[in-house]
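In: output the structure for:
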Amino acid sequence: MSRVNSISAAIRRTPYQSLSAIILTTLTFFSLSIFSLVVLGTTQMLGYFESRPQVTAFFKDEATVADADKLKELVSKSTEVESATFISKDEALELYRQQNQDNPLLLEMVTADILPASLEVSAKSVGALETIAGIMQKDPLVEEVGFQKDVIDTLRKWLGGIRLAGLFLTVLLTIASVTTIVVIIGLKFRSKKPEMYTLTLLGATNWYIKRPFIVESMVYGCVGAIIGWGMSYILLLYLTPNLIAFLGVIKLLPVPYWVMLALLGAELIVGAILGGVSSLIATRRVGR
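Out: Model prediction:
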């Protein structure tokens with residue numbers, strides 16, 4: 001209890017320095033939380049699009065199920081196919097009704113005769129999409145071919161850019177946090193040199209002398225992690241309704257609570273390590 005009180009007193013004695021350390025660590029972990037959630041969401045979104053039928057061939061009215069089966073067999077022989085599904089006109093109408101059930105006016109205007117039958121194909125690799133699309137386009141009974149390669153490629157580019165930008169910002173803020181904690185702990189360590197010299201004469205070990213500074217800096221890291229995580233969670237909860245409406249059928253939200261708890265646990269560990277390492281750097285450098 002006395003150790004806890006001494007650490008609390010040490011923080012209160014230099015409130016502005018302590019506040020600076022907590023603010024910087026908070027910004028660091030807020031950035032880390034947002035970065036982690038965005039990367040997780042975009043990765044799941046990419047997985048969603050990669051698991052959907054990626055190439056769709058829309059048949060002319062005279063095409064039959066046998067014609068679709070022939071095209072399906074031809075595509076399967078030419079490249080690696082995850083799945084291939086024939087959608088008849090009636091099935092296309094049913095899907096259309098499900099997608100537009102909130103708009104009765106659109107449902108009244110569409111019949112099965114208007115909608116084309118189609119063959120939906122999922123490839124095992126994105127690189128096979130162009131090959132599959134090329135085979136489908138050569139079929140005289142295919143009126144149009146659509147595929148999502150551009151969407152997937154764009155998502156991959158965005159994901160790569162987000163990772164680089166988030167990593168750069170997090171590393172920058174981490175360096176700033178470590179530097180701030182090193183300076184603060186270093187100043188405190190220097191100001192107590194006479195007291196530590198006395199403790200050394202009384203037989204105190206280096207670890208006994210440095211331990212309060214290490215615990216104090218770990219407190220900065222953990223408090224910053226909790227506040228930064230909390231800010232990101234509040235922002236996520238605030239934006240969730242709008243994001244759900246924007247994403248539509250892509251079910252990424254709400255984020256499960258266990259994911260957020262796991263993120264908090266990981267950030268607490270990182271915060272403690274960040275604070276401990278910063279303090280070790282400060283006490284070693286000044287101690288010399």
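In: from residue 43, how far off is residue 161?
Out: Distance of residue 161 to residue 43, given as CB to CB, to the nearest Å: 14 Å. (Each C-beta comes from the backbone N, C-alpha and C, glycine too.)
In: how far out from the middle of the chain is the strand or helix carrying residue 75?
Out: Residue 75 belongs to helix 65-78 when assigned by DSSP states H and E. For helix 65-78, the distance between its averaged C-alpha position and the chain's averaged C-alpha position is 39 Å (CA atoms, centre = their mean, to the nearest Å).
In: who touches that helix?
Out: Residues outside helix 65-78 that contact it (CB atoms under 8 Å, 6 or more residues apart in numbering): 57, 59, 81, 84, 86, 88, 117, 119, 121, 131-132, 135-136, 139, 141-142.
In: after that helix, which helix or strand is next?
Out: The element immediately downstream of helix 65-78 (helix or strand, assigned by DSSP H and E) is strand 81-87.
In: could you give the angle of the next helix or strand after that next one to strand 81-87?
Out: Later in the chain than strand 81-87, the nearest helix or strand by DSSP H and E is helix 89-99. In terms of direction (axes from the mean of the first three to the mean of the last three CA atoms, to 10 degrees), helix 89-99 departs from strand 81-87 by 100 degrees.
In: got the CA coordinates for the helix holding residue 75 in PDB?
Out: Listed next in PDB are the C-alpha coordinates belonging to helix 65-78 (Å, rounded to 0.1, in the frame of the first residue of the first chain):
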ATOM      1  CA  VAL A  65     -30.300 -25.000 -68.500                       C
ATOM      2  CA  ALA A  66     -28.300 -27.400 -70.700                       C
ATOM      3  CA  ASP A  67     -26.500 -24.500 -72.300                       C
ATOM      4  CA  ALA A  68     -25.600 -23.200 -68.800                       C
ATOM      5  CA  ASP A  69     -24.300 -26.600 -67.800                       C
ATOM      6  CA  LYS A  70     -22.100 -26.700 -70.800                       C
ATOM      7  CA  LEU A  71     -20.600 -23.300 -70.000                       C
ATOM      8  CA  LYS A  72     -20.200 -24.300 -66.400                       C
ATOM      9  CA  GLU A  73     -18.300 -27.400 -67.400                       C
ATOM     10  CA  LEU A  74     -16.100 -25.500 -69.800                       C
ATOM     11  CA  VAL A  75     -15.200 -22.900 -67.200                       C
ATOM     12  CA  SER A  76     -14.400 -25.600 -64.600                       C
ATOM     13  CA  LYS A  77     -12.100 -27.400 -67.000                       C
ATOM     14  CA  SER A  78     -10.200 -24.200 -67.900                       C
END
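In: for it, list every residue counted as buried.
Out: For helix 65-78, the neighbour count (16 or more other CB atoms under 10 Å) marks 67, 68, 71, 72, 75 as buried.
In: Serialize the residues you listed to a markdown table and add fields for distance to residue 283.
Out: Rendered in a markdown table, the data for those read as follows (distance: CB to CB, whole Å):
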| residue | distance to residue 283 |
| --- | --- |
| 67 | 78 |
| 68 | 73 |
| 71 | 72 |
| 72 | 70 |
| 75 | 67 |
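In: how about the helices in the stretch 101-250 of the chain?
Out: 104-109, 129-137, 149-191, 193-201, 206-247 (DSSP state H, counting those that start in this stretch).
In: out of the ones you listed, which is closest to residue 26?
Out: Distances from residue 26 to each of these were compared by CB to CB, and the smallest falls on helix 206-247, at 4.4 Å.
In: tell me the mean pLDDT for the closest one?
Out: The average of the pLDDT scores along helix 206-247 is 83.
In: what is that helix packed up against?
Out: Packing partners of helix 206-247 (3 or more CB pairs under 8 Å, 6 or more residues apart in numbering; DSSP states H and E): helix 2-13, helix 15-51, helix 149-191, helix 193-201, helix 257-287.
In: nearest to residue 232, of these?
Out: Ranking the helices and strands packed on helix 206-247 by distance to residue 232, with CB to CB as the measure, places helix 15-51 first at 3.5 Å.
In: I'd like the average pLDDT over the closest one.
Out: Per-residue pLDDT values across helix 15-51 average out to 79.
In: now do the buried residues in that helix.
Out: 17-18, 20-22, 24-38, 41-42, 45-46, 49-50.
In: with distance to residue 213 as extra columns, can I get the helices and strands packed on helix 206-247 in a markdown table?
Out: Below are these laid out as a markdown table (distance: least, CB to CB, whole Å):
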| stretch | distance to residue 213 |
| --- | --- |
| helix 2-13 | 8 |
| helix 15-51 | 12 |
| helix 149-191 | 5 |
| helix 193-201 | 10 |
| helix 257-287 | 5 |
